[in-house]
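Student: got a predicted structure plus its sequence, pasted below:
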Protein chains: 2
Amino acid sequence: MAHPQEDTLIAKQITPTAMRLLVLDVLQQHPAALSLADVEQLLGHADRITVHRTLKTFTDKGLVHRIEDGSGAVKFALCEPGCTPEQHQDLHVHFFCTRCRETSCLPTVAVPTIPLPGAFQVQETSLVMKGLCERCAVAS
Amino acid sequence: MAHPQEDTLIAKQITPTAMRLLVLDVLQQHPAALSLADVEQLLGHADRITVHRTLKTFTDKGLVHRIEDGSGAVKFALCEPGCTPEQHQDLHVHFFCTRCRETSCLPTVAVPTIPLPGAFQVQETSLVMKGLCERCAVAS
DNA sequence: TGAAACAATGCAATACCATTGCATCGCCCT
DNA sequence: AGGGCGATGCAATGGTATTGCATTGTTTCA
């Protein structure tokens, strides 16, 4: 009852703990996708490994999704409410800004379905566009 | 005169050396995209750092392109002949097989042009599909 | 030809991210 | 209260990418 965020965790079969509520809060507050180091820094001085495992749990349970944007570090962002652990690939495009190095989800831009020749069995499609985000494009 | 591979390097403004010819040869022989460790292993006992810098040079000169397939290590594959250092994003789809962990270029599958809302300025689009490659799909 | 100038190479060392082992802590249930 | 289980946190490890620096090799020019 206390926090509505507890319900968010419970709905995803994740036992609510203080740490997990903190990490969830950080993800909800921040618009861009966050790396492990980002979350650690925003939290103050939380243990890196615990944050790592928290994000892994969130990923496994379908609460967040991983984004490999080529920056070297994996980033995490909240899934759409309908995501499940089995199908938690968010089918939207991600954008990595080469100037501010922020990665953002573009929920309104869907990943197109691309037919492949032959016997390929596609499980997941990742589409990352790189360039200048709206803010940096205007500023430059 | 000697190797036609020398001409390939020279055409890309790369000084031919023994090491670079070896690395180029490995890339040409191998159909799949190769990581730094892959090249190192295929070469026998070449120095890892030299291979790393060789691949960096190749990338800068537009001879190969980097593929971030989420396997943890960046992979490299030869560009199409027309690639330039400024525009060496190969506009084809890459496929990462979750079974054999090989990444391959799909030159016949083009990356679609996706219009973005707002002021985004796209410099590059990376599209990686994951699943079972043709060989592994048949085998399973 | 010989020496300077430059590029490439290779060893050592470092930085960073991700991950595992293990002991401890805390909570829930009986 | 005590057992059991999950979560936490410290320590340690592995892998990849990268830089510094000295050496080697090659080209260029007097």
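Tutor: Received the coordinates, thanks.
Student: residues from chain A in reach of chain B?
Tutor: With Cβ under 8 Å from any Cβ of the partner chain as the criterion, chain A meets chain B at residues A:68, A:70, A:93, A:95, A:98, A:106, A:108-109, A:112, A:114, A:116-134, A:137-138. (Glycine included, C-beta is placed from N, CA and C.)
Student: just the buried members of these?
Tutor: Using 16 or more other Cβ atoms under 10 Å in any protein chain shown as the burial test, those include A:68, A:70, A:93, A:95, A:106, A:109, A:114, A:116, A:120-121, A:124-134 as buried.
Student: could you pull out the helices for chain A?
Tutor: Assigned by DSSP state H, chain A shows helices spanning A:4-11, A:18-29, A:36-42, A:48-60, A:134-139.
Student: can you name every helix or strand that the lowest-mean-pLDDT helix or strand in chain A contacts?
Tutor: Using mean pLDDT, DSSP states H and E, the weakest-scoring helix or strand in chain A turns out to be helix A:4-11, at a mean of 89. Counting contacts by 3 or more Cβ pairs under 8 Å, 6 or more residues apart in numbering or on different chains; DSSP states H and E, helix A:4-11 is packed against helix A:18-29.
Student: helices or strands up against the helix it packs on?
Tutor: If contacts are counted by 3+ Cβ pairs under 8 Å, 6+ apart, helix A:18-29 sits against helix A:4-11, helix A:36-42, helix A:48-60, strand A:75-78.
Student: any idea which of these is most buried?
Tutor: Compared across those, strand A:75-78 shows the largest average neighbour count, a mean of 22 (mean count of other Cβ atoms under 10 Å in any protein chain shown).
Student: paired strands for that strand, with orientation please.
Tutor: strand A:34-35 (antiparallel), strand A:64-67 (antiparallel) (DSSP bridges).
Student: report the distance from the last one to the chain centre.
Tutor: Centroid displacement of strand A:64-67 relative to its chain, using Cα atoms, centre = their mean, to the nearest Å, is 4 Å.
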